[in-house]
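*Asks:* give me a 3D structure for the following:
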Amino acid sequence: MALRLRDIPLGLDEDEAVLPAKVGRELGLATSDLADFRIVRKAIDARKKPKVLRIYTVEFQVKNEVALRLRLQAQPRLEPVVPLAAPSPIATSAPRRLLVVGMGPAGLFSALQLARCGHRVTLIERGKPVEERVRDVRRFWDGQGFDPESNVQFGEGGAGTFSDGKLTTRVNHPWIRYVLETLVACGAPAEILLQAKPHVGTDRLRLVLLRLRQMLLDLGVDIRYSTCLTGLLQSQGRVCGGLLNDAEELLSEALVLAPGHSARDTYRLLDGLGVAMESKPFAIGLRVEHPSALINRIQYGHASHPRLPTAEYALTWNDPESGRGVYSFCMCPGGEVVIASSETDGLVVNGMSSLSRGSDCSNSALVVAVRRDDFPGADPLAGVRFQQQWERKAFLAGGGDHYAPAQNLLAFLGHPGGTLRASCRPGVREAALDEVLPAFVSQGLRRALPQFDKRMRGFVSAEATLIGVETRTSAPLRILRGDDGQSLSHPGLYPAGEGAGYAGGIMSAALDGLRVAEQITAQAVSQTGVGH
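*Replies:* Residues are numbered from 1 along each chain as shown. Predicted structure coming up:
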């Protein structure tokens, strides 16, 4: 069995090649005693800046493992490697006809797993293939028109296609490695298997999607683009298929619904059909953009260093006056702010980074918690309407042509000084951001920013720009499901992923898609008694 040693520090002037010798000295072994030595995790420790450390975890084998562990039993950082369990496809001799709606992470990984089990899967996406979608988005950012069906929210890959491509999650699940290895097999950098905070970048993610598509096609998945779910077919109290584009009835023995958090027409469809849903809390706010070198100096004590990635940050503060959380969200080091609208009369912003994170700007959402009692109405769509209200105000404040309203951070705080500088495409226009935010959000941000500056000296700066409005932090509702993964009101319907209210980001959405696929497969085996 292999052994793992955690928390090995290297200074910025030390090369990774010294790791075997360093491990050998700590364990009282010669370097030659360490077989199959490999790095399995990398992280950054910048608590004592500018003396920044790189922290490693390594795995290796030794001839007399038992004797070594007995000799070093008081060493808590040395442990045996326990193999992680991957989701095992349960091959079926009775394939089911299955419909998966949505080609974000939840839909893609659900379809992949179901197809690997031998089921006949149809995978539909309302938007376009990623290569066409990228062209449509570029044209929009160049000011050449907005396509409500092919944009940053809709199309192959989901909203994460135009993001930083973060692969982190708060969920500690053994399937994480499986998801990462699948992405590497499809062209993601192998480095994501080692990073404490892996990311793939929007540019590389597009290549990954092309190869993942081919993997699905090779498994016999029927992929259909520009195909929208416009109704549910029901028989004997169960969902038995979907109506597509108001024209085609497609029968299926189960329907996985992974719509993404911006499929508001799908939400309205489900509400009209009486599908059990409830509104839920979310958060809204603004994007803040700083020069990358400024954030690097704050976090590392170095404006740049060849052995350090572009700096990240995570900020949280609980407002004692309101009891609301105020926090940074979806931080994009070395990236850009983008217009991420999905409706012609609304404007929403997001952040995006390439794999290299090489831009001279870094940005993050700064958001304030929104409670259920903040928006009028008790119906499931109340949160959707609340989001739309502020997106429309932002659209108008930016001039009504998809330019974003923006304000220098100091000006937002009521201080003189500072100019407007933003990477946002197609552009920004100066505006008073109070006009595009609920009063409790503006007040929460103004109280939180000085607190953030205490933790990151220089964060409140004349070089910082605020851009609005960020409303799509998570789905504003949840499609209720039981322990078996099925809708509480419509058996045969399996809500999944971020848009269904059960995930928050690429990794957790992929895991939820796998979980739903496992539930469908297990139920198929129990109902038919076949499978091996």
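
*Asks:* quickly list the domain ranges of this protein.
*Replies:* Annotated domains of the chain cover 3-80, 97-277+477-528, 281-470 [automatic domain parsing].

*Asks:* how about a markdown table for those domains, with mean pLDDT, mean neighbour count and distance to residue 88 added?
*Replies:* The C-beta positions use only the backbone N, C-alpha and C, and glycine is treated the same way. Converted to a markdown table, these look like this (pLDDT from 0 to 100; neighbours: other Cβ atoms under 10 Å; distance: least, Cβ to Cβ, whole Å):
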| stretch | mean pLDDT | mean neighbour count | distance to residue 88 |
| --- | --- | --- | --- |
| domain 3-80 | 95 | 14 | 23 |
| domain 97-277+477-528 | 96 | 21 | 9 |
| domain 281-470 | 96 | 20 | 31 |
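
*Asks:* out of these, which comes closest to residue 86?
*Replies:* Across the domains of the chain, residue 86 has its closest neighbour in domain 97-277+477-528 (4.2 Å, Cβ to Cβ).

*Asks:* can you put the domains of the chain in a markdown table and add distance to residue 90?
*Replies:* Output for those, formatted as a markdown table (distance: least, Cβ to Cβ, whole Å):
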| stretch | distance to residue 90 |
| --- | --- |
| domain 3-80 | 29 |
| domain 97-277+477-528 | 5 |
| domain 281-470 | 34 |
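
*Asks:* for the ones you listed, which one sits closest to residue 87?
*Replies:* Counting by Cβ to Cβ, and looking across all of the domains of the chain, nearest comes domain 97-277+477-528 at 5.3 Å.

*Asks:* and that closest one, how far out from the chain middle?
*Replies:* 13 Å (Cα atoms, centre = their mean, to the nearest Å).

*Asks:* sticking with residue 443, tell me its helix or strand.
*Replies:* Per DSSP states H and E: residue 443 is located in helix 439-455.

*Asks:* I'd like the next helix or strand past that helix.
*Replies:* strand 465-470.

*Asks:* where do the helices sit along the stretch 201-350 of the chain?
*Replies:* For the stretch 201-350 of the chain, helices defined by DSSP state H, counting those that start in this stretch occupy the ranges 201-218, 264-272, 292-300.

*Asks:* for the second one, C-alpha coordinates in PDB please.
*Replies:* Only the C-alpha atoms of helix 264-272 are listed here, as PDB (Å, rounded to 0.1, in the frame of the first residue of the first chain):
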ATOM      1  CA  ARG A 264     -36.900  31.100 -16.300                       C
ATOM      2  CA  ASP A 265     -39.300  30.000 -19.000                       C
ATOM      3  CA  THR A 266     -38.800  26.400 -17.800                       C
ATOM      4  CA  TYR A 267     -39.500  27.500 -14.300                       C
ATOM      5  CA  ARG A 268     -42.800  29.100 -15.500                       C
ATOM      6  CA  LEU A 269     -43.700  25.900 -17.400                       C
ATOM      7  CA  LEU A 270     -43.100  23.700 -14.300                       C
ATOM      8  CA  ASP A 271     -45.100  26.100 -12.100                       C
ATOM      9  CA  GLY A 272     -48.000  26.000 -14.600                       C
END
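
*Asks:* against which helices or strands is it packed?
*Replies:* Applying 3 or more Cβ pairs under 8 Å, 6 or more residues apart in numbering; DSSP states H and E, we find helix 264-272 packed against strand 229-235, strand 277-279, helix 382-397.

*Asks:* and the angle for it with strand 229-235?
*Replies:* Angle, helix 264-272 to strand 229-235, by axes from the mean of the first three to the mean of the last three Cα atoms, to 10 degrees: 30 degrees.

*Asks:* tell me what angle helix 264-272 forms with helix 382-397.
*Replies:* 150 degrees.

*Asks:* outside of helix 264-272, which residues touch it?
*Replies:* Outside helix 264-272, the residues that touch it by Cβ atoms under 8 Å, 6 or more residues apart in numbering are 228-231, 257, 259, 277, 342-343, 379-381, 384, 388, 477, 479, 499.

*Asks:* ok, now the last one?
*Replies:* With contact meaning Cβ under 8 Å, 6+ apart, helix 292-300 is reached by 46, 49-50, 52, 302-304, 308, 310-313, 333-334, 359-362, 456-459, 461, 463.

*Asks:* of those, which belong to strands?
*Replies:* Residues of those located in strands (DSSP state E): 361-362.

*Asks:* where does the residue located most distally from the centre of the chain land in three-state SS?
*Replies:* Most distant from the centre of the chain: residue 67, at 44.0 Å, with distances by Cα atoms, centre = their mean. Secondary structure, DSSP: H, G, I helix; E, B strand; the rest coil: residue 67 is helix.

*Asks:* let's have the helices of the stretch 201-350 of the chain in a markdown table, adding distance to residue 123.
*Replies:* Output for the helices of the stretch 201-350 of the chain, formatted as a markdown table (distance: least, Cβ to Cβ, whole Å):
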| stretch | distance to residue 123 |
| --- | --- |
| helix 201-218 | 7 |
| helix 264-272 | 16 |
| helix 292-300 | 38 |
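
*Asks:* so how far is residue 248 from residue 493?
*Replies:* Distance from residue 493 to residue 248, counting by Cβ to Cβ, to the nearest Å: 18 Å.

*Asks:* state which helix of the chain is the longest.
*Replies:* Scanning the chain for the helix with the most residues, using DSSP state H, yields helix 506-528.

*Asks:* pull the CA atoms of that one into CSV?
*Replies:* Backbone C-alpha positions of helix 506-528 (Å, rounded to 0.1, in the frame of the first residue of the first chain) are rendered in CSV as follows:
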residue,chain,number,x,y,z
ILE,A,506,-19.4,23.1,-11.9
MET,A,507,-18.2,20.4,-9.6
SER,A,508,-21.2,20.1,-7.3
ALA,A,509,-23.5,20.1,-10.3
ALA,A,510,-21.6,17.3,-11.9
LEU,A,511,-21.7,15.3,-8.7
ASP,A,512,-25.4,15.9,-8.5
GLY,A,513,-25.9,14.7,-12.0
LEU,A,514,-24.0,11.5,-11.2
ARG,A,515,-26.1,11.0,-8.1
VAL,A,516,-29.3,11.2,-10.0
ALA,A,517,-28.0,8.8,-12.7
GLU,A,518,-27.1,6.3,-9.9
GLN,A,519,-30.6,6.6,-8.5
ILE,A,520,-32.2,6.0,-11.8
THR,A,521,-30.0,3.0,-12.5
ALA,A,522,-30.5,1.5,-9.1
GLN,A,523,-34.3,1.8,-9.5
ALA,A,524,-34.2,0.3,-12.9
VAL,A,525,-32.3,-2.7,-11.5
SER,A,526,-34.7,-3.1,-8.6
GLN,A,527,-37.7,-2.9,-10.9
THR,A,528,-36.5,-5.3,-13.5
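
*Asks:* was I right to think residue 193 contacts residue 179?
*Replies:* No - using Cβ atoms under 8 Å, residue 193 is not in contact with residue 179, being 10.8 Å away.

*Asks:* which stretches of the stretch 51-200 of the chain form strands?
*Replies:* Ranges of strands in the stretch 51-200 of the chain, per DSSP state E, counting those that start in this stretch, are 53-61, 78-80, 97-101, 120-124.

*Asks:* so which of those is nearest residue 420?
*Replies:* Closest approach to residue 420 among the strands of the stretch 51-200 of the chain (Cβ to Cβ): strand 53-61, 36.7 Å.

*Asks:* and that closest one, which strands flank it?
*Replies:* strand 3-11 (antiparallel), strand 35-45 (antiparallel) (DSSP bridges).

*Asks:* I am finished for the moment; much appreciated.
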